[in-house]
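Asker: Sequence and predicted structure below; questions after.
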Amino acid sequence: MWAIAIFAYIVGVLQRTSLGVSGIEATHRFAISASVLSTLAVVQIIVYAALQIPVGVVLDRVGPKALVAAGALLMVAGQVVLAIAPSIGVAIIGRILVGAGDAMTFISVIRLLASWFSGRLLPQVSQWTGNLGQLGQVLSAIPLSFLLHTYGWTTAFLSAASMSAIAFVLVVVLLSNGRPNAVKGDRVSTWPSAMRQLREALSRPGTQLGFWSHFITQSSGTVFSLLWGFPLLTEGLGYSPATASGLLTLIVGAGVISGPILGLLTARFPLRRSNLVLVIVTLIGAAWTIVLLWPGRPPFALIVILVVVLGIGGPGSLIGFDFARTFNPMRSLGSANGVVNVGGFLASFVMMYLIGLALDLLNRLRIDGGAASDLFSWDSFRIALTVQYLVIGTGVVFLLIARRRTRRRLHQDEGIQVAPLWVALGRSLSRWQERKRRNI
């Protein structure tokens with residue numbers, strides 16, 4: 001069951017990230033600007049984010065199998081439309097279908113895991129699922145990119161569509177919602193009950209903490225891998241397409257290595273999950289700051305470090321779903337996961353679109369000043385990418401507010417008092433010193 005679910009998610013990530021390696025080709029094929037190109041990606045993400053909560057409500061009502069199958073079918077249709085699209089308007093329709101299918105996949109897979117795994121194993125399985133799913137990005141960065149540059153647009157996207165067709169067949173024939181006794185007990189019986197559980201999930205501070213955790217950790221890496229990373233690396237920094245594909249693949253490798261570690265830490269220190277989130281977002285902010293402030297073009301080693309840090313953000317965002325799991329009953333977990341998953345993609349489409357607008361504005365100013373057009377220059381990217389600080393910084397503020405409310409509720413309901421991190425570390429050091437003295 002786990003293998004089938006992972007395969008469906010891998011294919012979903014392939015379809016989601018397929019535009020990231022074809023952005024430059026899309027600007028030529030449809031004769032569009034950077035802001036219009038960003039719109040093509042943003043529309044997909046808007047659809048994805050907008051459907052998360054409705055999909056979560058339906059998920060609690062009908063179970064994950066039906067939604068994973070429907071998602072695969074929609075992505076087949078979307079990629080076929082994109083493959084034969086004669087204009088940008090038709091291409092947008094294709095990406096809308098891809099976004100809708102993608103929206104049904106991940107939270108359904110996460111909900112499925114909760115029916116088959118439990119205890120401390122569940123956070124680790126969730127991390128492995130998220131990490132292995134990112135192999136879809138490897139498929140888009142290497143095989144899909146090869147097909148695109150060798151055989152052309154139509155062949156590449158029809159090949160991508162065939163992968164979703166295979167996933168659809170496997171899900172329909174082999175996937176099960178879970179153990180029979182668990183499936184019956186965990187599913188809500190009526191639509192009014194499902195809507196009531198959605199309202200309850202939205203009101204829980206733990207769900208809100210998961211939303212903002214996902215918002216600040218996932219967005220920067222998603223913006224990089226889904227749209228702007230490939231143009232930045234090839235046009236902005238002058239790397240070859242093969243090198244750019246390798247760096248996008250490195251994001252996945254970093255996630256595969258860091259994910260299990262984060263899963264173990266999440267299971268071992270459940271009261272310090274928000275501190276893990278803040279450490280990850282601090283690393284992302286520090287890496288971008290050094291790269292953007294570097295005089296001239298940054299060295300390749302520094303770009304590698306940036307990519308690795310962005311890769312850690314992916315599994316880091318899965319901590320948000322662990323908040324949803326621990327602060328919501330199983331019967332409303334689909335709704336809670338839908339709320340959490342909106343976070344990172346809401347931040348992503350805002351950042352994607354603002355970066356595209358900034359690139360177009362900077363290029364217009366360059367042309368008006370008498371210089372040649374250079375839409376994807378490094379100097380333009382250096383300025384446009386600063387919008388990340390505003391978006392993610394806002395998310396950090398709201399995360400701290402949600403954490404305070406969550407800890408207050410935890411103290412009221414269960415009597416658990418979470419001390420500040422430095423206090424806890426001081427206590428741990430004192431206990432370690434006391435044990436050391438006793439051993440002496």
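Answerer: Perfect, I can see it now. Bear in mind the structure is a predicted one, so any value in this text is a computation, not a measurement.
Asker: So Ala160 versus Leu227, what's the distance?
Answerer: 16 Å (CB to CB, to the nearest Å). Quick note: C-beta positions are derived from backbone N, CA and C, even for glycine.
Asker: do the same with Ala167
Answerer: The span separating Ala167 from Leu227 equals 24 Å under the rule CB to CB.
Asker: cool, Arg403 as well?
Answerer: To Leu227, Arg403 is 30 Å away according to CB to CB.
Asker: Tell me which of the two has more neighbours.
Answerer: Each of Arg403 and Leu227 has its neighbours counted (other CB atoms under 10 Å); Leu227 has more, 30 against 23.
Asker: contacting residues for the more buried one?
Answerer: Neighbouring residues of Leu227 by CB atoms under 8 Å, 6 or more residues apart in numbering: Leu19, Gly20, Gly23, Leu37, Ser38, Ala41, Met352.
Asker: at 6 Å instead, please
Answerer: Residues in contact with Leu227 (CB atoms under 6 Å, 6 or more residues apart in numbering) are Gly20, Gly23, Ala41, Met352.
Asker: Of the residues you listed, which is the nearest to Val304?
Answerer: The closest of the contacts of Leu227 to Val304 turns out to be Gly20 (CB to CB; 18.3 Å).
Asker: number of nearby residues for the closest one?
Answerer: The local packing of Gly20 (other CB under 10 Å) involves 25 other residues.
Asker: For it, give me its contacts.
Answerer: Going by CB under 6 Å, 6+ apart, the list of residues near Gly20 reads Ser225, Leu226, Leu227, Phe230.
Asker: So it: helix, strand or coil?
Answerer: Judged by DSSP: H, G, I helix; E, B strand; the rest coil, the three-state class of Gly20 is coil.
Asker: Can you tell me the closest non-neighbouring residue to it?
Answerer: Leu226 (5.0 Å; CB to CB, 6 or more residues apart in numbering).
Asker: Tell me which stretches of the stretch 251-400 of the chain form helices.
Answerer: Here the stretch 251-400 of the chain has its helices, by DSSP state H, counting those that start in this stretch, at 273-293, 300-317, 319-326, 333-368, 378-384, 387-414.
Asker: Highest mean neighbour count out of those?
Answerer: Stretch with highest mean neighbour count among the helices of the stretch 251-400 of the chain: helix 319-326 (a mean of 26; mean count of other CB atoms under 10 Å).
Asker: Which strands or helices does that one pack on?
Answerer: helix 205-223, helix 333-368 (3 or more CB pairs under 6 Å, 6 or more residues apart in numbering; DSSP states H and E).
Asker: closest one to Val279 among these?
Answerer: Judging these by CB to CB, what sits closest to Val279 is helix 205-223, at 10.1 Å.
Asker: now the closest one against helix 273-293, angle please.
Answerer: Angle, helix 205-223 to helix 273-293, by axes from the mean of the first three to the mean of the last three CA atoms, to 10 degrees: 30 degrees.
Asker: which residues sit against the following helix or strand past helix 205-223?
Answerer: Sequence-wise, the next helix or strand downstream of helix 205-223 (DSSP states H and E) is helix 229-231. The contact list for helix 229-231, computed with CB under 6 Å, 6+ apart, reads Gly20, Val21, Gly23, Ala244, Phe376.
Asker: Give me the spatial nearest neighbour of Leu250, chain neighbours excluded.
Answerer: Nearest to Leu250 is Val307, by CB to CB, 6+ apart, at 5.0 Å.
Asker: In this structure that neighbour contacts Val252, no?
Answerer: No - Val307 is beyond contact range of Val252, at 10.0 Å (criterion: CB atoms under 6 Å).
Asker: Confidence-wise, which helix or strand of this protein is lowest on average?
Answerer: helix 180-186 (a mean of 52; mean pLDDT, DSSP states H and E).
Asker: gap between Ile355 and Val47?
Answerer: Computed as CB to CB, the Ile355 to Val47 distance reads 19 Å.
Asker: cool, Ala301 as well?
Answerer: To Val47, Ala301 is 38 Å away according to CB to CB.
Asker: so where's this structure uncertain?
Answerer: 179-191, 194, 415-430, 432-434, 436-437, 439-440 (pLDDT under 70).
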